[in-house]
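[1] Quick one, fold the following:
(one chain, ligands or ions: 1)
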Amino acid sequence: MDLEKNIAKVQEKIVKCVKDAGRKVEDIHLIAVTKYFGVEINEQLYDLGLREFGENRADIFLNKVEKLKGHQDIIWHFIGNLQRRKVKQVINKIDYFHALDSLALAAEIEKRAEQKVKCFVEVNISGEESKHGFKADEVKTFIAELKNFNKIEVVGLLTMAPLSASQEELHQYFGHLKTLQEKISSLQIVYAPCTEVSMGMSQDFEIALLEKASYIRVGTALYS
Ligand SMILES: *Cc1c(COP(=O)(O)O)cnc(C)c1O
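    Predicted coordinates:
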């Protein structure tokens, strides 16, 4: 496992896609998804210059935060489904929450958060039965329902494409999420600036970047 080489490869692809799409590299956040490994991999990635990490299991996340607390500039992204009973322990230690998918979860965050939490609303853009998240036509209503939640800031939308999607379908799904994000952003809701899109994983981040992803969540590609 040559982390340095793998990071360089991913970054090279990012640069190329961003150029092709007429965008700026500075506008792209590479979240290194470290859920597959122990804290020593986070340490190595940190030493290689990465600062944004994605985790999806509360217990493992908390353990890593404790061990890495000397590195104040780490940005922690919680990218998985968060059980309501774990919100209390986790919510004040993360910088971004990528999986806001119900009003009940929003209410728990509201109750437990000590300050505003930057959230991505999860959208099931493909409409697959097995996926979490709101359908595209439910997102606006959900965001309106967050009006009285002072601790929730909707910074953007997140989606995960089906594993089986073709290249063409990936363009469609990601393009659709971007359009939806722009529509919500144009409503100028104070608590929902909604300027960001979190989409693209190891398999599909290049297409996501061409469709204007601003946060990509890459795991496997860093560890091959
Ligand atoms: C695991 C995970 C990723 C990373 O997936 P890879 O295919 O390993 O890049 C991205 N997003 C979410 C929500 C995940 O759970």
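[2] show me where the chain has strands.
    Assigned by DSSP state E, the chain shows strands spanning 29-33, 52-55, 75-78, 96-100, 117-122, 152-158, 196-198, 215-218.
[3] Out of those, which is closest to Val39?
    Within those, the stretch nearest Val39 is strand 52-55; the backing value is 10.2 Å (Cβ to Cβ). Heads up, the C-betas are built off the backbone N, CA and C, glycines and all.
[4] if we can go back for a sec, can you tell which of the strands of the chain is closest to Ile189?
    Proximity to Ile189 (Cβ to Cβ) singles out strand 152-158 among those, at 7.7 Å.
[5] strand partners of that closest one, parallel vs antiparallel please.
    Taking DSSP bridges as the criterion, strand 152-158 forms sheet pairs with strand 117-122 (parallel), strand 196-198 (parallel).
[6] distance between it and the chain's centre?
    Here strand 152-158 is found 10 Å from its chain centre; the criterion is Cα atoms, centre = their mean, to the nearest Å.
[7] send the alpha carbons of that strand over as CSV?
    The C-alpha coordinates for strand 152-158 follow below in CSV (Å, rounded to 0.1, in the frame of the first residue of the first chain):
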residue,chain,number,x,y,z
ILE,A,152,-28.7,23.0,11.8
GLU,A,153,-27.1,24.7,8.8
VAL,A,154,-27.8,23.1,5.5
VAL,A,155,-24.5,23.6,3.6
GLY,A,156,-25.4,21.3,0.8
LEU,A,157,-26.8,18.0,-0.6
LEU,A,158,-25.2,14.6,-0.7
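[8] so it versus strand 96-100, what angle?
    Strand 152-158 and strand 96-100 are oriented at 70 degrees to each other (axes from the mean of the first three to the mean of the last three Cα atoms, to 10 degrees).
[9] can you put the strands paired with strand 152-158 in CSV and add mean neighbour count and mean pLDDT?
    Shown next, in CSV, are the strands paired with strand 152-158 (neighbours: other Cβ atoms under 10 Å; pLDDT from 0 to 100):
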stretch, mean neighbour count, mean pLDDT
strand 117-122, 25, 98
strand 196-198, 26, 98
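[10] Now the phi/psi pair for Ser214, please.
    phi -110, psi -30 (degrees, to the nearest 10).
[11] That one against Phe205, yeah?
    No - because the distance of 11.8 Å does not satisfy Cβ atoms under 8 Å, Ser214 is recorded as not touching Phe205.
[12] hmm, back to that, would CSV of the strands paired with strand 152-158 with distance to the ligand be doable?
    Shown next, in CSV, are the strands paired with strand 152-158 (distance: least, Cβ to the nearest ligand atom, whole Å):
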stretch, distance to the ligand
strand 117-122, 9
strand 196-198, 8
